[in-house]
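In: Below is the sequence, then the predicted model.
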Amino acid sequence: MSEQSRTLAVLGPTNTGKTHYAIERMLGYRTGIIGLPLRLLAREVYDKIVAVRGPSVVALVTGEERIVPDRAQYWVCTVEAMPEGMGTDFVAVDEIQLCADPERGHVFTDRLLRMRGLRETQFLGSHTMRQTIAALVPGVEFLNRARMSQLTYTGPRKIAKMPARSAIVGFSVENVYAMAELLRRQKGGAAVVMGALSPRTRNAQVELYQNGDVDYLVATDAIGMGLNLDINHVAFSSLSKFDGRRMRYLQPNELGQIAGRAGRGMNNGTFGVTGEAPDLDPELAEAIMEHRFAPIRKLEWRNARLQFGTTAALIGSLEARPDHDLLARAREADDLGALKTLAEQSDVAQRAIGGNAVKLLWDVCRIPDFRGISAAEHASLLERIYCDLTDYGRVPDDWLAQQVARIDRTDGDIDTLSKRLAYIRTWTYVAQRKGWVDDENHWRGATRAVEDRLSDALHGALTQRFVDRRTSVLLRRLKQKEAMVADVNDQGDVTVEGEFVGRLEGFRFMQDRAAAGKEARTLQQASAAALAPHFHLKADRFYNAPDTEIDFTEQGGLLWGKEAVGKLTPGADPLKPQVVAFVDDEAGADVAAKVQRRLQHYIDRRIATLFEPLLNIQRDETLNGLARGFGFRMVEAMGLIPRGEVADEVKALDQEARGALRKHGIRFGQFTVFLPLLLKPAPTRLRLVLWSLAQGMDEFPDAPPPGLVTVPARSDAPKGYYTMAGYRAAGERAIRIDMLERLADMLRSEDTRAGFEAKPDMLSITGMTLEQFALLMQGLGYKAERGEREKIKPVDQAIVDAPADAAQAVEAVEAETVGDVVADIPDEGVAPVAAEPVAEAEVPAALDETPAEELAPGQTPEAAAAEVEVFYTFTWAPRASRPRGERPSQGRAQGGRGPRGAQAGQGAQAAEGAPSEGDAAQKRDRPQRQGGKPRGKPGKGKPREPREEQPKTYAAKPEKRNDRIDPDNPFAAALMGLRTKG
């Protein structure tokens, strides 16, 4: 321990500016070396000095990084990497109290005892080292530094109540990750700082904290080693840690070193506990606040005078005992354990002969186990490296390239990236050793590039997992009370300060469902402040929007485009519903009132437009008496009333009253009294919504699809639904009421007592098959009897329908033709003899017979030639005589009301409890007959009697015609032509 010009021990608690003082003193000399406890801290100090003196004169030397310019004057190193014998003017060693550390203490002790500057040497650390330094370093001077701020213990505190700018300290990776995840959920996220991180990753994480993206830092005890951060509060999540061999409680001085990171510069700091950490003992807390700790009485020591003659001599020198009471032999370190393991390997023993070979073996054994795998696997890797160095003088490029390439991947989670980063640190360390690889610059650059890529990927993974950037940005803006800018795109996505916060649906903000707890509250506060201008602008656009952009749904909702902006509620009058606007409270009362007014205007105008014929009845002052009362009944029923419900009122109306009502478009049908204009799809859809509102329904029934004449009749449909929809239920189907009236007009001319068949026009207007029509007729009160008969060929039907005088015309033509032929025969005095008949040509059996393969099983050719058709005969069946549930195939009716008396028209009215129409105006509403003779010209002839008073004739089937023409007659085609012309 040689005496130097000046040796200074700068001692004091944290936040006393010791490191800053040493840097200033070093820069006052021409050359200098400063040793720091962490690679991270070394990089931080290097950057500071470079900013002052430039990169050309500053060197950085760590285990995995080496930046040495040609004109280097100032060397920033980790304590383990401090070069010896440099002869610099200034030497400083930071955190000198680590001399007592079980793992690394012997390195710090060696620097304390042997490292000196030519002009000045400084040891920076805690007061606990004062006595030991005084005893081991002759002539040392002490400079005490007082803390620049106060440190206060605040006790236990939950994460949810942790103040901003806090650091939560854990002592395991699992604990650090758990705290970071909890902070992300409750506080928006946290930066993560651990000693195992690369400087690039650590700097990126620290930058998140320092620039305010996050207000919380989760770290290991690495922050206690001089990392200068703006921390106001330190919270311990645990009070014990694994020291490499066992779990142990932290010493008071270790707790004080970490707690002292709170309160930088002149700002006071606080510390406490959180999570599962127990409350500190009052005496311990007071000792930390007053920086009173027991002095360090033993330093870890390992012999630095090594013998490289043989591996045994080297091991013996490393295990030598100290000769001072204050020094204790350090426990076996990883490098010594690796040396013992390799010395026993035959391949190594054969090569480790001689001083240089043993020294090289010791250098290989000092490669740190960055990977943290088993000692045996680490020793195997060191053996391969040592053998290659002794056999080839270098590590082979192809093998090294293979190891690096296997690690050069940036996919995977945090743990995977952390392992790869630890692996590349091994090869970075190898590449930094002089003479171990062929192209040192190439491999240093290659391994550094891989480490940088992995560092960036790890930083991204840490940020993605533990930082909710959205919440952190919004919290910072809210805290700073800055005006925030919100953007809303065409899809309604809302971003505040570039972060997605939710969707704007109409005038309601739907925040991101992924947010919960504190994050959700932050989003709500930020979005409410940022969206206020948008609500007003959007309300103005909505108020000026045309009615064509607004619509109602079948459930009573109100839409602006695709956005829900309100709903309908019942009013005092079914035709005057009220509106409830969907507007957030944060939008303000003005916005809500404007939206409400616009929606009320829309629905009022919509009702006035679609129900104009109905509202005209209400406003018609000329209606009086029974007509006015019936008009109000129509308004209350929204334009549709089953005739059976108003039979007496209709019967009481005289022709003048009916005429006045017909001027408003009211049609007095046999089944329904209705306004045809209100049967269109738009009025029907609105009528169903208004009716559902008036009925107080929770779920509104949908309107039938437009354009359908019949729809399936649902058994669970609400009472009155089909009438409001413009249909009448008839069995399993419901038919539109206007088409039902047309059908009733057709049925008037049919004989419902004797029976009738469905006409093609009946099937056409209903759009049904014969089977479906039979079911419909049963629902209307008819009995449908199914039958089968031989299908009449078209030619036979034409002959049957031909007029009687057509047959006489044929006979005349035949007679005339025969006469002409007889006149042309010459009179030769003898009777003409008919020639022998020409033999008929034989018809091939294949053309004369039905192929056997086309016959059904058991069917004869004669039966196959006859086609059978199905027909139904419909007769009126009183309800009392029809059992329930009969089907058409059974020849029974299914129920429902039908005509009373002979004709369908009379019966339909009687079934609804209404009289026959019987007035001339009603007859004008009916469609004109097709074909037949006209009923007379207006104003001429005797007035026709009402239909009900005309004599009626009945026929069960058409009268049989005796003038049927033989279809084999060669003039059959001509006969049909005559019938068509007639």
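Out: Alright, I've got the coordinates. Not measured: the values here are computed from a predicted model.
In: Next up, phi/psi of residue 406, please.
Out: Main-chain dihedrals, residue 406, degrees, to the nearest 10: phi -70, psi -30.
In: Show me what counts as buried in stretch 776-794.
Out: Of the residues in stretch 776-794, those buried under the neighbour-count criterion (16 or more other C-beta atoms under 10 Å) are 776-786. The C-beta positions use only the backbone N, C-alpha and C, and glycine is treated the same way.
In: In strands, which of the residues you listed fall?
Out: Assignment to strands by DSSP state E places the following of the buried residues of stretch 776-794 there: 782-786.
In: will you turn these into a markdown table that also has pLDDT?
Out: Rendered in a markdown table, the data for these read as follows (pLDDT from 0 to 100):
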| residue | pLDDT |
| --- | --- |
| 782 | 90 |
| 783 | 92 |
| 784 | 91 |
| 785 | 92 |
| 786 | 91 |
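In: a markdown table for the buried residues of stretch 776-794, including distance to residue 233?
Out: Below are these laid out as a markdown table (distance: C-beta to C-beta, whole Å):
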| residue | distance to residue 233 |
| --- | --- |
| 776 | 83 |
| 777 | 88 |
| 778 | 86 |
| 779 | 82 |
| 780 | 86 |
| 781 | 88 |
| 782 | 91 |
| 783 | 93 |
| 784 | 90 |
| 785 | 96 |
| 786 | 93 |
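In: Nearest to residue 672 among these?
Out: When the buried residues of stretch 776-794 are compared for distance to residue 672 (C-beta to C-beta), residue 780 comes out closest, at 12.9 Å.
In: how near is the closest one to residue 876?
Out: Here the distance between residue 780 and residue 876 works out to 10 Å (C-beta to C-beta, to the nearest Å).
In: go on, residue 293?
Out: 113 Å.
In: cool, residue 305 as well?
Out: 129 Å.
In: neighbour-wise, which of the two wins?
Out: Taking neighbours as other C-beta atoms under 10 Å, residue 305 and residue 876 compare with residue 876 leading, 26 against 7.
In: For the more buried one, give its distance to residue 758.
Out: Residue 876 is 15 Å from residue 758, by C-beta to C-beta.
In: Burial check on the residue nearest to residue 150 when sequence neighbours are not counted, number of neighbours?
Out: In space, not counting the residues next to it along the chain, residue 150 is nearest to residue 268; the distance is 4.5 Å by C-beta to C-beta, 6 or more residues apart in numbering. By other C-beta under 10 Å, the residues close to residue 268 number 12.
In: which residues touch residue 268?
Out: For residue 268, the contacting residues are 149-152, by C-beta atoms under 8 Å, 6 or more residues apart in numbering.
In: Looking at the residues you listed, which are in strands?
Out: Residues of the contacts of residue 268 located in strands (DSSP E): 151-152.
In: which one of the contacts of residue 268 is nearest residue 635?
Out: For residue 635, the nearest member of the contacts of residue 268 is residue 152. The distance, counting by C-beta to C-beta, is 80.5 Å.
In: Which residue is the nearest non-sequential neighbour of residue 685?
Out: By the measure of C-beta to C-beta, 6+ apart, the closest residue to residue 685 outside its immediate chain neighbours is residue 703, 4.6 Å from it.
In: Per-residue pLDDT of residue 79, please?
Out: Here, the pLDDT recorded for residue 79 equals 95.
In: low-scoring stretches of the stretch 701-850 of the chain, by residue?
Out: Within the stretch 701-850 of the chain, the stretches falling below the threshold (pLDDT under 70) are 793-850.
In: mind listing the strands for it?
Out: Using DSSP state E, counting those that start in this stretch, the strands found in the stretch 701-850 of the chain span residues 710-712, 727-730, 733-736, 782-790.
In: Let's have these in TSV, adding distance to residue 337.
Out: Shown next, in TSV, are those (distance: least, C-beta to C-beta, whole Å):
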stretch	distance to residue 337
strand 710-712	87
strand 727-730	93
strand 733-736	92
strand 782-790	103
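In: Residue 750 is nearest to which of these?
Out: strand 782-790 (10.2 Å).
In: neighbouring strands for that closest one, and are they parallel or not?
Out: With DSSP bridges as the test, strand 782-790 is paired with strand 868-876 (antiparallel).
In: Name the residues of the strand it pairs with that come out as buried.
Out: For strand 868-876, the neighbour count (16+ other C-beta under 10 Å) marks 872-876 as buried.
In: what's the closest of those residues to residue 219?
Out: Closest approach to residue 219 among these (C-beta to C-beta): residue 872, at 90.9 Å.
In: OK, contacts around the closest one?
Out: Counting by C-beta under 8 Å, 6+ apart, residue 872 makes contact with 757-758, 770, 773-774, 777, 784-787, 888.
In: Kindly provide the distance from it to residue 649.
Out: If you go by C-beta to C-beta, the gap between residue 872 and residue 649 works out to 36 Å.
In: On the three-state scheme, residue 428 is what?
Out: With DSSP: H, G, I helix; E, B strand; the rest coil as the basis, the three-state label of residue 428 is helix.
In: now, which of the contacts of residue 872 sits nearest residue 140?
Out: When the contacts of residue 872 are compared for distance to residue 140 (C-beta to C-beta), residue 773 wins out at 118.0 Å.
In: any idea how far the closest one lies from residue 456?
Out: As defined by C-beta to C-beta, residue 773 lies at a distance of 78 Å from residue 456.
In: With residue 600 instead?
Out: Counting by C-beta to C-beta, the separation of residue 600 from residue 456 is 58 Å.
In: What of residue 184?
Out: Look at residue 184 and residue 456: by C-beta to C-beta, they are 20 Å apart.
In: Between those two, which has more neighbouring residues?
Out: More neighbours sit around residue 184 than around the other of residue 184 and residue 456, counting by other C-beta under 10 Å; the figures are 21 against 16.
In: Only the buried residues of stretch 530-544, if you could.
Out: Going by neighbour count (16+ other C-beta under 10 Å), the buried part of stretch 530-544 is 530-531, 534-535, 538-539, 542.
In: How about stretch 605-615?
Out: Taking 16+ other C-beta under 10 Å as the neighbour-count basis, stretch 605-615 is seen to contain the buried residues 606-607, 610-611, 613-614.
In: tell me the two of those that are most distant?
Out: 606 and 613 (14.8 Å).
In: Show the end-to-end separation of stretch 230-239, please.
Out: End-to-end distance for stretch 230-239: 23 Å, by C-alpha to C-alpha, to the nearest Å.
In: Quick check: buried residues in that stretch?
Out: The neighbour-count check on stretch 230-239 (16+ other C-beta under 10 Å) flags 231-239 as buried.
In: One more: stretch 256-272?
Out: The neighbour-count check on stretch 256-272 (16+ other C-beta under 10 Å) flags 256-264, 269-272 as buried.
In: Distance from the chain centre to it, please.
Out: 45 Å (C-alpha atoms, centre = their mean, to the nearest Å).
In: Can you measure across that stretch, start residue to end residue?
Out: Using C-alpha to C-alpha, the gap from the first to the last residue of stretch 256-272 comes to 11 Å.
In: pLDDT on it, on average?
Out: Throughout stretch 256-272, pLDDT has a mean value of 88.
In: And stretch 462-478, by the same measure?
Out: In this model, stretch 462-478 carries a mean pLDDT of 72.
In: Then stretch 418-437?
Out: Model confidence over stretch 418-437 averages 92 on the pLDDT scale.
In: quick one: buried residues of that stretch?
Out: Of the residues in stretch 418-437, those buried by neighbour count under the rule 16+ other C-beta under 10 Å are 418-433, 436-437.
In: repeat for stretch 89-108
Out: Within stretch 89-108, the residues that qualify as buried by neighbour count (16+ other C-beta under 10 Å) are 89-101, 104-108.
In: out of those residues, which are inside helices?
Out: Secondary structure assignment (DSSP state H) places 105-108 from these within helices.
In: Point out where this structure drops to low pLDDT.
Out: 1-4, 226-227, 469-486, 497-499, 513-526, 793-866, 878-982.
In: wait, residue 610 sits on residue 682?
Out: Yes - with contacts defined as C-beta atoms under 8 Å, residue 610 counts as touching residue 682 at a distance of 5.6 Å.
In: what's around the closest residue to residue 216 other than its chain neighbours, how many residues?
Out: Taking C-beta to C-beta, 6+ apart as the measure, residue 216 lies nearest to residue 190, with 4.0 Å between them; neighbours along the chain are not counted. Neighbourhood size, residue 190 [other C-beta under 10 Å]: 32.
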